[in-house]
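Student: here are the coordinates; sequence isn't available:
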């Protein structure tokens with residue numbers, strides 16, 4: 001048989017790789033180049049604009065085909081930006097790729113999980129992500145979390161010959177398994193491909209934009225029929241009728257809105273990548289913008305995560321007088337081939353075991369918060385959270401001393417473990433009574449340098465901070481106090497928390513620091529906060545954080561954390577740099593606030609185009625614009641400034657009601673702009689001004705209104721925004737005064753009186769929009785900080 005406990009040979013591995021029997025499957029979190037091209041080229045609006053472009057080219061009016069360059073440019077910009085973002089994210093994904101420990105030729109090696117082959121022997125340790133389906137060959141108190149597959153939060157014991165599935169995680173113990181299904185044949189492949197497939201954003205923002213596009217798309221059908229029939233009936237020739245119809249239809253299409261939304265998200269992910277923050281799903285960026293509560297794990301988030309043994313304090317019990325606690329700790333450390341961070345600190349202090357024979361053991365579990373070991377002729381020992389073990393200790397003076405000393409160390413922010421002897425031996429997963437405290441094991445943690453400043457930032461931004469940890473409430477409170485967390489002086493012991501969600505939510509609203517929290521309680525806390533309407537971000541680095549990370553609106557894992565935590569998180573801080581949190585939150589806010597701002601620009605244009613088309617269609621007179629007119633207006637008041645605004649700084653927290661706010665501004669602004677333009681245009685037509693000059697008046701009127709709408713949506717103003725608005729206005733003036741441009745865009749200048757009329761009507765309409773902005777609820781919320 002090829003596969004033994006010694007593992008596959010190098011030849012066996014090479015043969016399986018050549019046969020394609022590996023775990024290498026396409027990355028579901030990233031689109032391929034061909035998918036990016038298809039998504040940016042083959043869209044309904046591109047199809048419509050492409051048809052209109054073909055019609056314009058067919059009638060020979062090439063100057064009216066300028067919107068074709070916009071069409072192609074939009075697609076190219078979108079493709080280039082998404083490809084750049086893809087390459088940045090893919091490069092970071094390599095750094096975050098899960099690793100597996102495999103046994104080949106009798107030697108344990110760490111390989112990328114994609115390089116695991118069929119029949120591979122895999123060594124399982126605490127926190128490992130199981131990346132293939134397999135059969136357990138050896139089990140040492142092995143417990144598997146299958147919640148991502150089954151929804152069940154309770155860990156499952158796995159004995160020899162039992163099956164394990166990809167997508168699950170090791171939460172206690174260790175073991176060895178043989179891979180029975182890899183790659184696309186594994187259970188979790190299809191599940192993960194569907195659940196974590198690349199997406200721009202499935203959210204209120206995306207839903208709102210799609211809804212508007214759908215409404216506009218259906219609205220265009222009857223409006224187009226009315227407009228085309230009126231233009232055919234009004235114009236003497238076929239070509240002018242086509243020009244008027246195409247102008248009206250092109251203007252109704254918010255062609256750049258989806259593009260700029262996509263670019264904003266892609267650029268956001270790229271900016272985060274430059275800070276070593278991996279965005280595993282672009283959809284999560286919107287969640288960042290909406291976060292109002294962040295739950296922080298203490299270890300690995302507020303602290304560096306690395307532990308060192310500071311003190312072993314003997315408690316003077318009878319057992320301690322006959323056995324050296326240091327020997328017991330050394331024996332426990334030597335008995336565990338895969339120690340957790342706390343036990344690893346003990347092993348570092350006592351690297352040589354006494355050679356005791358292990359007869360039974362119970363692996364550490366985040367839910368139990370203790371481990372146990374029984375040695376032949378050397379007794380049974382428990383090591384874990386003091387406040388939990390002491391509840392099962394015999395009542396004596398040592399017990400009181402242990403509690404006093406534990407509180408002393410915990411109040412200084414140190415992690416404390418208790419070593420206790422069990423006269424009655426081990427009792428499975430149930431703690432026996434009569435434990436005898438032997439020694440306190442005191443561990444030091446280093447506070448992250450940036451933690452206090454980051455906590456202060458959250459407070460300034462109105463984001464509530466909840467510190468949730470499995471450590472002693474006193475220890476957690478002390479660390480939180482050093483970081484400046486509000487309410488840290490009143491830490492809560494999670495063992496006293498109610499199970500009812502409403503009651504739990506009440507406690508969470510009033511308090512900020514919680515200790516002795518189990519993984520299931522972390523998850524329940526996230527749900528309780530969400531039940532009160534909070535948008536919750538959760539950070540963590542351990543396998544005990546996995547459930548909460550998965551269910552939070554935004555899960556953020558440390559790069560040095562367990563594979564389990566990194567796999568389910570939406571963001572991974574690969575450099576373990578807590579100081580990037582403000583940048584992460586601000587990036588989400590920037591993206592969402594700017595997309596809303598840009599949406600107002602595009603949809604204002606859509607609505608004034610719709611109103612123009614309807615009125616012209618029903619009134620049966622020539623359309624006030626040629627396609628090239630809308631090209632110049634759109635480029636200077638929407639396209640160019642929209643692109644700049646979409647990428648600018650904006651720290652306003654996202655607020656629900658995106659679609660309502662956008663329509664609240666875009667509809668009245670669009671209607672006012674259309675009616676004012678029609679008034680100016682019809683005044684000229686009734687005065688027997690030539691059609692081409694009347695169209696110039698309409699263009700001047702509409703541009704005057706549109707540039708003011710742009711100025712409104714730029715607020716709060718800064719020097720570069722003033723420069724942007726002025727540059728766009730100068731661009732339009734240049735188009736009118738430079739003969740070559742004026743002739744190309746067919747904008748013959750009317751009498752100065754007519755130009756003054758156009759500007760006057762435009763100013764009046766702009767003033768009405770300004771009043772509406774100031775006096776009603778048209779306005780969108782302003783950023784908390786300006787740029």
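Tutor: Cool, got the structure. Remember, it's a predicted structure, so these values are computed and weren't measured experimentally.
Student: for the stretch 401-550 of the chain, what spans make up the strands?
Tutor: Secondary structure of the stretch 401-550 of the chain (DSSP state E, counting those that start in this stretch): strands located at 415-422, 436-447, 464-468, 492-493, 513-515, 536-540.
Student: what about the ones you listed, which gets the closest to residue 292?
Tutor: Taking C-beta to C-beta, strand 464-468 is the member of these nearest to residue 292, at 6.6 Å. For the C-beta atoms, the positions are set from N, CA and C on the backbone; glycine is no exception.
Student: so what secondary structure elements neighbour that closest one?
Tutor: strand 293-296, helix 451-460, helix 473-483, strand 513-515, helix 519-531 (3 or more C-beta pairs under 8 Å, 6 or more residues apart in numbering; DSSP states H and E).
Student: Can you give the contact residues for the fourth one?
Tutor: Just to be clear, that refers to strand 513-515. Contact partners of strand 513-515, identified using C-beta atoms under 8 Å, 6 or more residues apart in numbering, comprise 466-477, 480, 485, 487-488, 490-494, 497, 525.
Student: Residue 160: how many residues sit nearby?
Tutor: Using other C-beta atoms under 10 Å, residue 160 has 12 neighbouring residues.
Student: Selecting buried members of the contacts of strand 513-515 in ChimeraX, what would you type?
Tutor: Buried residues within the contacts of strand 513-515, as defined by 16 or more other C-beta atoms under 10 Å, are selected in ChimeraX through the command that follows:
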select :466,467,468,469,470,471,472,473,474,475,476,477,480,485,487,488,491,492,494,497,525
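Student: of all the helices and strands packed on strand 464-468, which lies closest to residue 245?
Tutor: Checking these against residue 245 by C-beta to C-beta gives helix 519-531 as the closest, at 50.3 Å.
Student: how big is the angle separating the closest one from strand 464-468?
Tutor: Helix 519-531 runs at 170 degrees relative to strand 464-468, counting by axes from the mean of the first three to the mean of the last three C-alpha atoms, to 10 degrees.
Student: Buried residues in helix 519-531, which are they?
Tutor: By 16+ other C-beta under 10 Å, the buried positions in helix 519-531 come out as 519, 520, 521, 522, 523, 524, 525, 526, 527, 528, 529, 530.
Student: hang on, the earlier thing: in CSV: the strands of the stretch 401-550 of the chain, plus distance to residue 402 and mean pLDDT.
Tutor: As requested, the strands of the stretch 401-550 of the chain are arranged in CSV below (distance: least, C-beta to C-beta, whole Å; pLDDT from 0 to 100):
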stretch, distance to residue 402, mean pLDDT
strand 415-422, 7, 92
strand 436-447, 4, 89
strand 464-468, 25, 94
strand 492-493, 17, 94
strand 513-515, 18, 94
strand 536-540, 30, 90
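Student: okay, those, which one's buried deepest?
Tutor: Burial of the strands of the stretch 401-550 of the chain is given as mean neighbour count (mean count of other C-beta atoms under 10 Å); strand 536-540 ranks first at a mean of 29.
Student: strand partners of that one, parallel vs antiparallel please.
Tutor: strand 293-296 (parallel), strand 554-558 (parallel) (DSSP bridges).
Student: hang on, the earlier thing: of all the helices and strands packed on strand 464-468, which lies closest to residue 13?
Tutor: Distances from residue 13 to each of the helices and strands packed on strand 464-468 were compared using C-beta to C-beta; the shortest belongs to helix 519-531, at 35.7 Å.
Student: Check the offset of the closest one from the chain's centre.
Tutor: Counting by C-alpha atoms, centre = their mean, to the nearest Å, helix 519-531 is centred 19 Å from the centre of its parent chain.
Student: low-confidence ranges in the stretch 551-700 of the chain?
Tutor: 653-654 (pLDDT under 70).
Student: Would you map the strands across it?
Tutor: Secondary structure of the stretch 551-700 of the chain (DSSP E, counting those that start in this stretch): strands located at 554-558, 571-573.
Student: helices or strands up against the last one?
Tutor: Right, strand 571-573. strand 277-279, strand 554-558.
Student: can you pull the buried residues of the last one?
Tutor: For strand 554-558, a neighbour-count test (16+ other C-beta under 10 Å) marks 554, 555, 556, 557, 558 as buried.
Student: Kindly report the same for stretch 302-312.
Tutor: Buried residues in stretch 302-312, defined by neighbour count with 16+ other C-beta under 10 Å: 302, 303, 304, 305, 307, 309, 310, 312.
Student: ditto for stretch 63-82
Tutor: Buried, per 16+ other C-beta under 10 Å, within stretch 63-82: 64-68, 70-71, 74-75, 77-79, 81-82.
Student: same check, this time on stretch 564-583
Tutor: 564-574, 576-582.
Student: what's the answer for stretch 665-675, then?
Tutor: Buried residues in stretch 665-675, counted by 16+ other C-beta under 10 Å: 665, 666, 667, 668, 669, 670, 672, 673, 674, 675.
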